[in-house]
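> sequence and predicted structure below; questions after.
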Amino acid sequence: QVQLVESGGDLVHPGGSLRLSCTASGFPLDSYHIGWFRQAPGKGREGVSCISVSKDTTYYAHVVKGRFSISRDNAKNTVYLQMNSLKPEDTAIYYCAADSGGSSCYDSYSSGFYKHWGQGTQVTVSS
C-alpha cells in the first residue's frame with residue numbers, strides 16, 4: 001500500500017522546537033521530490049519547504065527561512081522538517097507530499113501538484 005505518514009506534531013511553547021517526520025511505505029522515497037505544506041484554521045494551504053531527490057536543492061518559504069530545516073534520510077525512507085524558534089503563527093496541520101516529476105522540488109512545490117499526500121500532523125504553538 002502506497003502511503004505517506006507524518007509524525008512529530010505536538011503542543012509546544014513559543015520559542016520551542018519540533019522535528020516532523022514524513023515516512024513513506026510502498027514506494028522508494030529516494031526517487032521523489034518532497035514538499036512540506038501547512039494549513040492553519042480558516043486559511044488556505046501554504047507551502048513551507050521542499051527538498052529535491054538529489055538533496056542539493058532545498059527551498060523555504062520566507063516566513064520560515066532561518067528557523068526551519070528540511071533533510072532526508074533515504075535509508076530510512078524518511079524526510080524530516082526541523083522547526084526551531086516556533087511562533088504561534090506556525091500553528092497548523094502540517095502535510096508532506098511526494099512527486100517524481102520535474103527537475104527540482106520547486107516544480108511541484110510551486111504548482112502544488114503531488115502524486116502522494118500524507119494525512120497531516122497537528123502542530124500547536126501556544127503558551
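Noted; the coordinates are in hand.
> run the chain-centre distance for the helix-or-strand element of the chain with minimal mean pLDDT.
Across the helices and strands of the chain, mean confidence by mean pLDDT, DSSP states H and E is lowest for helix 105-111: a mean of 89. Here helix 105-111 is found 13 Å from its chain centre; the criterion is C-alpha atoms, centre = their mean, to the nearest Å.
> can you list contacts of it?
Here helix 105-111 makes contact (C-beta atoms under 8 Å, 6 or more residues apart in numbering) with 33-35, 47, 50-53, 57-59, 97, 99, 101-102, 114. From N, CA and C alone the C-beta is placed, and that goes for glycine too.
> do the same with stretch 41-56
Taking C-beta under 8 Å, 6+ apart as the rule, stretch 41-56 contacts 30-40, 57-61, 64, 68, 70-72, 79, 81, 92, 94-95, 100, 104-106, 108-110, 112.
> circling back: and the next element down the chain from the least confident helix or strand of the chain?
strand 116-117 (DSSP states H and E).
> each with direction, which strands does that following strand pair with?
Strand 116-117 has the following strand partners under DSSP bridges: strand 92-99 (antiparallel).
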